[in-house]
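Asker: I'd like to go over a predicted model; first the sequence, then the structure.
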Number of protein chains: 4
Amino acid sequence: MKNDLLQVGVVGTGMIGALHARNISRATPGAAVAAVMDIDEARAQAVAADCGARAYTDALALIADPAVDAVLIASPDAFHAEQTIACIDAGKPVLCEKPMATTVADGERVLRAELATGRRLVQIGFMRVYDRKHADLFDIVTRGDIGKALSFRGQHINPWRESSTIEGAIVNSLIHDIHSARWLMDSEISQVFVQWTPSEPDQPRSARYAIVQLAFADGAIGALEWNGDSGYGYEIVVEITGETGTARTVSHTSPVLRQGGRVSQGVTPDWPQRFAQAYQDEVQIWVDAIRESEPTGPSAWDGYMSLVVADACIRSVESGLPATPVGIERPDMY
Amino acid sequence: MKNDLLQVGVVGTGMIGALHARNISRATPGAAVAAVMDIDEARAQAVAADCGARAYTDALALIADPAVDAVLIASPDAFHAEQTIACIDAGKPVLCEKPMATTVADGERVLRAELATGRRLVQIGFMRVYDRKHADLFDIVTRGDIGKALSFRGQHINPWRESSTIEGAIVNSLIHDIHSARWLMDSEISQVFVQWTPSEPDQPRSARYAIVQLAFADGAIGALEWNGDSGYGYEIVVEITGETGTARTVSHTSPVLRQGGRVSQGVTPDWPQRFAQAYQDEVQIWVDAIRESEPTGPSAWDGYMSLVVADACIRSVESGLPATPVGIERPDMY
Amino acid sequence: MKNDLLQVGVVGTGMIGALHARNISRATPGAAVAAVMDIDEARAQAVAADCGARAYTDALALIADPAVDAVLIASPDAFHAEQTIACIDAGKPVLCEKPMATTVADGERVLRAELATGRRLVQIGFMRVYDRKHADLFDIVTRGDIGKALSFRGQHINPWRESSTIEGAIVNSLIHDIHSARWLMDSEISQVFVQWTPSEPDQPRSARYAIVQLAFADGAIGALEWNGDSGYGYEIVVEITGETGTARTVSHTSPVLRQGGRVSQGVTPDWPQRFAQAYQDEVQIWVDAIRESEPTGPSAWDGYMSLVVADACIRSVESGLPATPVGIERPDMY
Amino acid sequence: MKNDLLQVGVVGTGMIGALHARNISRATPGAAVAAVMDIDEARAQAVAADCGARAYTDALALIADPAVDAVLIASPDAFHAEQTIACIDAGKPVLCEKPMATTVADGERVLRAELATGRRLVQIGFMRVYDRKHADLFDIVTRGDIGKALSFRGQHINPWRESSTIEGAIVNSLIHDIHSARWLMDSEISQVFVQWTPSEPDQPRSARYAIVQLAFADGAIGALEWNGDSGYGYEIVVEITGETGTARTVSHTSPVLRQGGRVSQGVTPDWPQRFAQAYQDEVQIWVDAIRESEPTGPSAWDGYMSLVVADACIRSVESGLPATPVGIERPDMY
């Protein structure tokens, strides 16, 4: 069980890449970090030293390295599609951070590349499916405890002023919520309508707060709320209303403090704390699945469809009207 | 203090009218019920007997009765406008249940009738402003505790399958939330977009669940959720996100019961239980204000503007697109 | 209904007496304040003016006044017993603030005075029985929702450093919890054991925090916690464990505020806010019951038995050992 | 990092032993299971096969096995002391499940055996110190957020009718709470007073519900509540009141479900679910500490002192009076 480690190559050693590398090397039985890559050579070498791995500054070289069994891509978004396709071409399983690409067209290229191989090699880093709070909600809905789902509500609350355009907020941040909605409602999104308030009054496309109203293919509806600067911390809420009841995730689990006229709990400061365990479990389950056969987590189809919905959101931003996601038919493989 | 009672006439002795009559006669120092009216004579007489009041079957006769100082209208919606105007014409203060009218045009007639008198005679039965949970939230927002308000969220959850059209849900039920949003955000609503799921699959205009996305004149946004058949009870939630924090009403205050694998609280069964105290306080404050000078609660302008927004919602229902509320300019009197 | 007001005399116009006088004169249909008494003549006259009542500086004169139908005693504890007995002797219903007396012997004198009349005239101001949160818990326990009660836990949390001895804390403050325990468990207390921490290290009998362990006659057990200076506000918690579940009151019902790294609710600052409605309902129900027949609230027996238990607590303080309450047999009248 | 695994021998393969063996073999980087022992040979062989380990039926043989670097003892309580001493004698680090022994005298023998070696070899399985909820509370108290701790309250709630004597409940179950109290209050317990209700009315020493009142050496007080058959699930609560505030662990983190008139959360069914992560972290940290130098978790002194307090509890049971724990002086080594 502790032999025959899966040798993983990590592309990108920024915050999230370094987190993954550490998780794999220290807390993931069955895997080791064989190589890491970063265009910042010093940073690549520091992480490599920490993991006992080889350092690269060229992603394609790392992917080609025969000592690398599988690849985790945590590079800037703009490189995701080409690097994922390189992994597919090399026949190596790849866990690519979200978004899978930055355009629908590039997303479709990744999808078709995998389709051409006839087997699943790609997993997308929608780690919320490995979060206990989300998984418990999924179980409630899937068991039918609340009947057919009628409405989805997601809140995605960030702690700091993300100097983001509304388009950036959609593709980088709300894309998590788009996947949550598709996954938990078990239905594709058929219409979106985006409203937002700017963070900079003189820059209408800057984003402070946004609401994305949703319609689903099966008739359900919903809304995503996104806060770029909450003033209080990080929080992810999902609430699903079904025919016989409503279920909602619980956010705050720290001790209750009574002091100075208030009864309070601490809020998770940011996503690394909130999803620490989910990131670890995501990688562990990915490693176990590859060693067993092939990835079981969010697929290239999920990566593609979330780009399709994000694209519709951007069209709604531009038109001020509801917009319809337009993508290819779901291939049989997914 | 206990002399010189304000003599109130109650028009309509259905559920809500009977509730008001009982509150006035038994729990409102400073007021008495002088007369009640219902087209169902037996029902009128029963309530009259209970209150020590005179029974009418003609609303205009009750309004004209010189023994009646002020009128509370709880008749079917279709009669609200004409009866309110009759009170204005008689120079008598009137508390009219929501909606103030069933069309924007009729609402404008009421508004202009009051304007012609040059003083406030009309109050509309948006009793949530007298609810402690709402008032506490209002105080937080008004004190600036969470900075400028960026987003409003309202949930209006009903316990039983209201066999309602989406139009009926808007004019009769969501109109409460429309007023809440205007009141708590201190801004008029500038755009609405309505989506809903039907309660009867073959009747597309039947309403099971609805979301109304909102934009406000001051740049804030929001969403109203309406559930016609929650499967669990009655609940009203308001959540307001501001620049420095978020505030949300608390729904459940009954004892926490740990039993059979669950930790739970009872949910308020329906609106009479949820707003019992608010209805009582609404009438008490109305009586006190009239005895002092004139009504201070939700005005004819509030009644009119909520109709204007409801009308835009119905246009959004018909077009499937966002719609803009269109009303007259706010008169100086309000 | 609004005629034939019950004319109440209020003895003592300190904080609690003035509160009762205001409640009776402004918010209690069916009653009026006929007279108030205070040894501080100016204070008596101020409250009398506010209520349209006559002012006395002699309690016995007020009690003897034929214009006074019933008496509410809110004088210093040391006068409770003699004034209550004076009311009994005058055949007038009396609502006496807790404690009913300051010694078991004086409590027994009150009890025997009422017994001698053969009817209930006395009610003791244990207003928690009129508090909605307590009443809901009582209903859960009484309906048998949690089976036979096995354990009682009470928390009595004060917001300010009460410069109190442990004996004072027991007789003035914990006596509320003693009555709660007897009432909600429907069983007399058969043993107590008191531990406490001093508020002043050099004064061992000063009280900062106390725990009173309880045994009940029916075999149940429990504990009371008392905090003299919580640092955060006022809170009363009752938790009862039964054979099939546990029920607990909910304390905090103000809006949830997310801000500055915390999610919080405001705590009730002190008892006047926490029990405002209970004080009002206590007086309303007392008035209604007297006008109908006789008081139905906490009885002289309840007043007596809480003194008996408090006396045992003081003996436990002195001995450092468990102590047994010793009182007379429960007369048939109660 | 993944070489030089610490080879662990697991004594006892019942529920908790099998759990530890699985955690070590599958989820503990840095360790492997070299051997397992059970007097039930089939059970030992099944667990051994699962872990790739050698099976023993003789604990001393396992302890003597040179392939075993460190020992985890999860045998019946009666064997804990002698097996722990055998490990000490063999110079092997040992993680012994609670209680460390079944008598104070045996506990002292273990303590003196370790003292004789001059270094820490023993850790006791008080896994709550590795539980996130407890650790967060510890941090709050230790940082001084609530000032000096005045009172400790623990609730230990079991889901099933534990057919236990009160003595058994103390030594097997409440011993966890005794350690929690000592650890979180950072003070030894100086007095205890035990009350309980029997689970079988005709067996006075059977235990259904118990309260243990506590005094601490530093002047603080407290109470432990123990429920042998809650009727609703498993729950551990700790609440500490300090000079400037009160902190309390949060129990329920599963989704909030609104359904059928109730708003509820699922309760953890039993301890394996509640402390799954704590058991895993306990072993991981133990392994890491041994590989680094020596154990850092709950010590033989903690094991001994909890037995001393448990012994005082049993004396209180027998006398019906408060009792004082009597143990040796704290050796310098701890």
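Answerer: The structure has been received and is ready for your questions.

Asker: contacts, neighbours, all on C-alpha from now
Answerer: Will do.

Asker: element containing the residue lying closest to residue A:18 once chain neighbours are set aside, please.
Answerer: Nearest residue to residue A:18 in three dimensions, chain neighbours excluded: residue A:47, at 6.8 Å (Cα to Cα, 6 or more residues apart in numbering or on different chains). Residue A:47 is part of helix A:41-51 when elements are defined by DSSP states H and E.

Asker: Which elements pack onto that helix?
Answerer: Packed against helix A:41-51 by the contact rule (3 or more Cα pairs under 8 Å, 6 or more residues apart in numbering or on different chains; DSSP states H and E) you find helix A:15-27, strand A:31-37, strand A:54-56.

Asker: quick one on the thing from earlier: any idea how far the residue nearest to residue A:18 lies from residue A:28?
Answerer: As judged by Cα to Cα, to the nearest Å, residue A:47 and residue A:28 stand 17 Å apart.

Asker: quick one: which of these two has more around it?
Answerer: Using other Cα atoms under 10 Å in any protein chain shown as the criterion, residue A:47 and residue A:28 rank with residue A:47 on top: 26 against 22.

Asker: Quick check: pLDDT value at that one.
Answerer: On the pLDDT scale, residue A:47 is placed at 97.

Asker: ok, it to residue A:20 distance?
Answerer: Distance from residue A:47 to residue A:20, by Cα to Cα: 11 Å.

Asker: Also residue A:214?
Answerer: According to Cα to Cα, residue A:214 stands 33 Å off from residue A:20.

Asker: before we move on, what about residue A:298?
Answerer: Look at residue A:298 and residue A:20: by Cα to Cα, they are 17 Å apart.

Asker: repeat for residue A:161
Answerer: Shown here: residue A:161 relative to residue A:20, a distance of 25 Å by Cα to Cα.

Asker: And residue A:41, by the same measure?
Answerer: 18 Å.

Asker: Looking at the two, which is more packed in?
Answerer: Neighbours per residue (other Cα under 10 Å) separate residue A:41 from residue A:20, with residue A:20 holding more: 24 against 14.

Asker: which stretches of chain A form strands?
Answerer: With strands called from DSSP state E, chain A shows them at A:6-11, A:31-37, A:54-56, A:70-73, A:94-96, A:122-124, A:149-157, A:189-197, A:209-216, A:221-227, A:235-242, A:245-248, A:256-259, A:262-266.

Asker: Can you check what angle separates the first one from helix A:15-27?
Answerer: In terms of direction (axes from the mean of the first three to the mean of the last three Cα atoms, to 10 degrees), strand A:6-11 departs from helix A:15-27 by 160 degrees.

Asker: Tell me which strands strand A:6-11 pairs with, and in which orientation.
Answerer: Partners of strand A:6-11 in the sheet, by DSSP bridges, are strand A:31-37 (parallel), strand A:70-73 (parallel).

Asker: hmm, who's touching the first one?
Answerer: Strand A:31-37 has contacts (Cα atoms under 8 Å, 6 or more residues apart in numbering or on different chains) with A:5-13, A:21, A:24-25, A:44, A:47-48, A:51-59, A:62, A:67-68, A:287.

Asker: Might you enumerate the residues of chain A proximal to chain C?
Answerer: Residues of chain A lying near chain C by Cα under 8 Å from any Cα of the partner chain: A:231-233, A:258-269.

Asker: These also near chain B: which ones?
Answerer: A:231-232.

Asker: What is the neighbour count of residue A:334?
Answerer: Neighbours of residue A:334 (other Cα under 10 Å): 11.

Asker: Skipping adjacent residues, who's closest to it in space?
Answerer: In this structure, residue A:334 finds its nearest non-sequential neighbour in residue A:301, 6.7 Å apart by Cα to Cα, 6+ apart.

Asker: Which residues are in contact with the one you found?
Answerer: Applying Cα under 8 Å, 6+ apart, the residues near residue A:301 are A:111, A:330, A:334.

Asker: Identify the residue spatially nearest to residue A:135, adjacent ones excluded.
Answerer: Using Cα to Cα, 6+ apart and skipping residues adjacent in sequence, the residue nearest residue A:135 is residue A:129, 6.2 Å away.

Asker: contacting residues around the one you found?
Answerer: Residues in contact with residue A:129 (Cα under 8 Å, 6+ apart) are A:135, A:180, A:278.
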